[in-house]
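Undergrad: Provided below for reference: sequence and predicted model.
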Amino acid sequence: MKTPRALKLILCGLLVAVAGAAAATAPPARAHPGRKVSRLSAVQVAYLTSCGGCHGVEGVSAPQAVPTLKALTGSFLCTRQGRQFIVRLPDVALSSLSDRMLTRVMNWVVFDLGAPVAGGREAHRYTVAEVARLRREPLTQTGLTPYREQVVAHLGTRCAVPAGLTVYGAAYAVGVNSSSPKS
């Protein structure tokens with residue numbers, strides 16, 4: 001049985017809410033002699049609570065249903081269209097994160113998780129002004145899967161992109177309306 005997209009989004013939201021509540025109520029980590037305690041940065045916490053529920057803690061997901069970010073997202077910076085696309089995605093653009101924090105998260109996702117393509121023309125860090133401008137135009141009036149395919153095809157004509165970038169949506173090719181939004 002296929003799960004409707006709305007139900008998947010609700011489940012992802014619940015996972016994020018539960019994870020956020022658990023993190024907020026968890027007792028502080030105690031240092032143990034000889035044991036290193038990891039601390040997450042504010043950006044990593046924002047990623048985990050806003051994105052990690054669906055995209056995975058380390059940016060690895062089920063790529064046919066949710067795009068993998070690790071070692072792939074940076075490829076979108078090869079072109080201006082790709083660079084704009086990932087900020088204009090509805091789940092990004094309509095995020096409750098402030099422009100400043102969203103900019104920090106996008107730079108972390110792209111440059112730390114996403115490994116930008118060497119020589120990509122648009123591979124500079126996002127600015128707060130750029131993110132604020134782009135998120136005012138979310139991609140809510142287009143079928144995201146076909147648009148993403150177009151963006152990725154254009155990337156492939158300009159830069160060498162990882163094959164994994166084309167995996168998303170393959171499971172939806174048969175029997176699903178391609179105009180249904182997927183991020």
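TA: Here it is on my side, so go on.
Undergrad: elements contacting the strand or helix carrying residue 83?
TA: Assigned by DSSP states H and E, residue 83 belongs to helix 80-88. If you count contacts as 3 or more CB pairs under 8 Å, 6 or more residues apart in numbering; DSSP states H and E, helix 80-88 packs onto helix 128-135, helix 144-158. Quick note: C-beta positions are derived from backbone N, CA and C, even for glycine.
Undergrad: make TSV out of those and add mean pLDDT, mean neighbour count and distance to residue 74.
TA: Below are the helices and strands packed on helix 80-88 laid out as TSV (pLDDT from 0 to 100; neighbours: other CB atoms under 10 Å; distance: least, CB to CB, whole Å):
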stretch	mean pLDDT	mean neighbour count	distance to residue 74
helix 128-135	97	17	16
helix 144-158	87	17	11
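Undergrad: looking at those helices, which is closest to residue 56?
TA: helix 144-158 (18.4 Å; CB to CB).
Undergrad: pull the CA atoms of the closest one into PDB?
TA: The C-alpha coordinates for helix 144-158 follow below in PDB (Å, rounded to 0.1, in the frame of the first residue of the first chain):
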ATOM      1  CA  LEU A 144       8.700  19.900  -8.200                       C
ATOM      2  CA  THR A 145       9.800  16.500  -9.600                       C
ATOM      3  CA  PRO A 146       9.700  17.500 -13.300                       C
ATOM      4  CA  TYR A 147      11.300  20.900 -12.400                       C
ATOM      5  CA  ARG A 148      14.000  19.200 -10.400                       C
ATOM      6  CA  GLU A 149      14.700  16.900 -13.300                       C
ATOM      7  CA  GLN A 150      15.100  19.900 -15.500                       C
ATOM      8  CA  VAL A 151      17.400  21.600 -13.100                       C
ATOM      9  CA  VAL A 152      19.500  18.400 -12.700                       C
ATOM     10  CA  ALA A 153      19.700  18.000 -16.500                       C
ATOM     11  CA  HIS A 154      20.900  21.500 -16.900                       C
ATOM     12  CA  LEU A 155      23.500  20.900 -14.200                       C
ATOM     13  CA  GLY A 156      24.700  17.900 -16.100                       C
ATOM     14  CA  THR A 157      25.400  20.100 -19.200                       C
ATOM     15  CA  ARG A 158      27.600  22.500 -17.200                       C
END
